[in-house]
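> 3D, please:
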Amino acid sequence: MGIKRSFPALTALVISGAIVVAPAFGQSQGAQGNAAKPLSAIDWLSRSVVTPAAVRPDGTAHPPVSGAGGIESISVLSLDAPSADALGLLSLARTGLPADLWGRTPAPELASALRDTPDDNLPALHDLLLTLLLAELDPPQITTPAQRDMLYLARVDRLLDMGALQQAHALLELADPTNPAVFRRRFDVALLLGNETEACRVMGRTPGIAPSYPARIFCLARMGNWDTAELTYGTGRALGQIPDDQAELIAQFLDPALADGADELTPPDPVTPLSYKMMEAIGQPLATSMLPLAFAHADLTENNGWKAQLEAGERLARAGVLDPNRLLGLYTERKAAASGSLWDRVTAITALDKAIKAQDSAAVAKALPRAWREMSSQELEPTLAALYGTQLAAMGLQGEAGRIAHDLGLLTPDYETIASDGSDLGANAALLAGFAKGQSAGIPGQDGLTRALKQVFDTAPGHGPNAVPTRYAGLLPDQLGLALLHAIDDVAQGARGDYPRLVDGLKLLRLAGLETTARRAAIELIVLDRRG
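You can find the predicted model right below:
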């Protein structure tokens, strides 16, 4: 079939020095701090550029739309012009992905599939999705110039939705900064990472960009040009280029005296990174817990208190987009001065870290169960595994601590060796060892989930009944990338009880050469037990 390629699932992606660990599977909206379906990145990006003037048939220009935030291009491009769709941070040599992964799938269909692919996933599936988003691949098929860069921007937006700002920033730096759609995203990412000065410098050194009045005013003030900022505000209001719903916020941002004694402003809807920064500047900071995940990065700066940093760090770690060592640094920064779930985790992790550093097995055995319970309550077991899993599994702990150490070890890249060493640890130990080796034939399943997983691993990939699952037959071999996106969704949804979808999705991963991803996903389904 032409897809007998092997490429490993990346268990950690090192981008700009940050190790990214996958999230706990099936994290709830409550755990993420969002009661409703989160906004897509395209819905909360700042209107930091104005719509280019359209050209009439007689050659004269229509004026820009008042307060517009569009980023439509009026350029005519050749279908053979260079495309940002080919840009990536991970080379073919690193991922093992085929260059033609997107095959014959049209760019709009791929962009839509990326938006629809869930990320409340098993760690292994999260790693795979990140790899697909960051890989350097041949551009997809396009039929009109308007479809150029569509997949690239969809990839960036998916990273923003996932809260992977460092990766999005690095991917954006590869593209043409004079592209308004690229600039718009670079500007907002810089704001959320606390690099307001850099965001404004980007604006200043990008002469091809026409910044909106609010963005221009913000940057003038940020660079100390307050008089010019106030003049620009007055001009913008006179020309109708500052929307009424932003005028009062900008006025108070320019003159803090206006906020004295005034009623608190109603938060903008939606909150953009630019409005978030202005609300913060006038002394009315917005809680990021109810904002899209990307905003949590703003709470990691030193301008925020320890509790706010901890809460943001846990939220981002749960989503798999924060270096676990950074969360550990927050946990151990100081001694908890209160009690409660957050502070109990601080105390538990600090005690475990101290015991491990002292190589005190007795102290580790005492501290580990508590740390496991505290981290499990927030679905942060993958973070705990990334920090200590391999080390704990090698300590020879007994009883409850030994079982927990074994489970944490199974969530690490050393899962195969660790699974083989734990044959007497629990009812599923033998099956876990079988799944770790990709060979489960002859080992009885314990329940519906494990029996479904045995359908995947009882035979070698590409053998047995339905070697190519029917649901993907129309996509292989020419639309492998789209099939993989569907497989991620099928495994995630199938794990909630639709076992035929789960089986088909894992079989497709094995057939595509993603053996490590499939094995780790099976192990994570059992160890993390996020069913339902």
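> Just read off the phi/psi values of the residue most central in space within the chain.
Geometric centre of the chain, nearest residue: residue 162, 2.7 Å, by CA atoms, centre = their mean. Main-chain dihedrals, residue 162, degrees, to the nearest 10: phi -80, psi -10.
> Contact partners for it?
119, 130, 293, 319, 320, 321 (CB atoms under 8 Å, 6 or more residues apart in numbering). All C-beta atoms are positioned from the backbone trio N, CA, C, and that covers glycine.
> And the furthest pair within the residues you listed?
130 and 293 (14.3 Å; CB to CB).
> Out of the contacts of residue 162, flag the one nearest to residue 86.
Closest to residue 86, out of all of the contacts of residue 162 and judged by CB to CB, is residue 130, at 18.2 Å.
> For residue 274, give me its contacts.
Applying CB under 8 Å, 6+ apart, the residues contacting residue 274 are 46, 47, 48, 187, 188, 191, 214, 215, 218.
> any idea how far it lies from residue 442?
Note on residue 274: its distance to residue 442, by CB to CB, to the nearest Å, is 61 Å.
> Turn the contacts of residue 274 into a markdown table, including secondary structure.
A markdown table is the format used below for the contacts of residue 274 (DSSP: H, G, I helix; E, B strand; the rest coil):
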| residue | secondary structure |
| --- | --- |
| 46 | coil |
| 47 | coil |
| 48 | coil |
| 187 | helix |
| 188 | helix |
| 191 | helix |
| 214 | helix |
| 215 | helix |
| 218 | helix |
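> Just name the closest of these to residue 248, please.
Using CB to CB, residue 214 comes nearest to residue 248 of the contacts of residue 274, at 12.1 Å.
> Just give me the neighbour total for that closest one.
Counted by other CB atoms under 10 Å, the residues lying close to residue 214 total 28.
> does residue 419 really touch residue 433, like I thought?
Yes. At 4.4 Å, residue 419 and residue 433 qualify as touching, with contact defined as CB atoms under 8 Å.
> More neighbours: these two, which one.
Per other CB under 10 Å, whichever of residue 419 and residue 433 has more neighbours is residue 419, with 25 against 22.
> tally of neighbours for the closest residue to the more buried one other than its chain neighbours?
Nearest residue to residue 419 in three dimensions, chain neighbours excluded: residue 436, at 3.7 Å (CB to CB, 6 or more residues apart in numbering). Residues near residue 436, counting by other CB under 10 Å, number 22.
> Kindly report the same for residue 237.
15.
> For it, give its distance to residue 380.
48 Å.
> Please apply the same query to residue 256.
Here residue 256 is placed at a distance of 39 Å from residue 380 (CB to CB).
> and those two? which has more neighbours close in?
Legend: neighbour count by other CB under 10 Å for residue 256 and residue 380, higher for residue 380 (25 against 11).
> how near is that one to residue 113?
Going from residue 380 to residue 113 by CB to CB gives 29 Å.
> Likewise for residue 404?
The gap separating residue 404 from residue 113 is 38 Å, by CB to CB.
> Which one of the two is surrounded by more residues?
Neighbour totals were compared for residue 404 and residue 113, and residue 404 leads with 23 against 19 (other CB under 10 Å).
> For the more buried one, give me its contacts.
Per CB under 8 Å, 6+ apart, neighbours of residue 404: 368, 369, 372, 392.
> Serialize the residues you listed to CSV and add fields for distance to residue 150, pLDDT and neighbour count.
Converted to CSV, these look like this (distance: CB to CB, whole Å; pLDDT from 0 to 100; neighbours: other CB atoms under 10 Å):
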residue, distance to residue 150, pLDDT, neighbour count
368, 48, 98, 27
369, 50, 98, 16
372, 44, 98, 21
392, 45, 97, 25
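> got the residue ranges for the helices in the stretch 251-400 of the chain?
273-281, 306-318, 324-331, 341-357, 361-376, 381-393, 399-410 (DSSP state H, counting those that start in this stretch).
> I'd like the ones you listed written out as TSV, with distance to residue 83 added.
As requested, these are exported to TSV (distance: least, CB to CB, whole Å):
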stretch	distance to residue 83
helix 273-281	27
helix 306-318	31
helix 324-331	35
helix 341-357	45
helix 361-376	43
helix 381-393	35
helix 399-410	41
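> which one of those helices lies closest to residue 248?
Between the helices of the stretch 251-400 of the chain, helix 273-281 lies closest to residue 248; by CB to CB that is 10.5 Å.
> for this protein, which spans come out with low pLDDT?
Confidence mapping of the chain against pLDDT under 70 gives the ranges 1-39, 51-81, 259, 261, 422-426, 464-466, 531-532.
> mind giving me the domain split of it?
As given by automatic domain parsing, the domain ranges for the chain are 13-52+65-84+111-281, 430-528.
> Can you lay out those as JSON lines showing distance to residue 396?
JSON lines is the format used below for the domains of the chain (distance: least, CB to CB, whole Å):
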{"stretch": "domain 13-52+65-84+111-281", "distance to residue 396": "25"}
{"stretch": "domain 430-528", "distance to residue 396": "18"}
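> Mind checking the ones you listed for the one nearest to residue 345?
domain 13-52+65-84+111-281 (13.5 Å).
> Tell me the gap between that closest one and the middle of its chain.
15 Å (CA atoms, centre = their mean, to the nearest Å).
> Likewise for stretch 510-519?
Taking CA atoms, centre = their mean, one finds stretch 510-519 lying 22 Å from the centre of the chain it belongs to.
> what's the span of it from first residue to last?
In stretch 510-519, first residue to last residue: 9 Å (CA to CA, to the nearest Å).
> Which parts of this protein are strands?
Using DSSP state E, the strands assigned to the chain run over residues 13-15, 18-20.
> isn't residue 90 right next to residue 133, touching?
No. In this structure residue 90 lies outside contact range of residue 133 using CB under 8 Å: 9.3 Å.
> Residue 509: what's it in contact with?
Residue 509 touches 128, 484, 487, 491, 515, 517, 518, 521, counting by CB under 8 Å, 6+ apart.
> swap the cut-off to 10 Å and go again
Residues in contact with residue 509 (CB atoms under 10 Å, 6 or more residues apart in numbering) are 9, 124-125, 128, 456, 461, 483-484, 487-488, 490-491, 515-519, 521.
> Ok, residue 527 next?
381-382, 385, 406-411, 415, 426, 428, 432.
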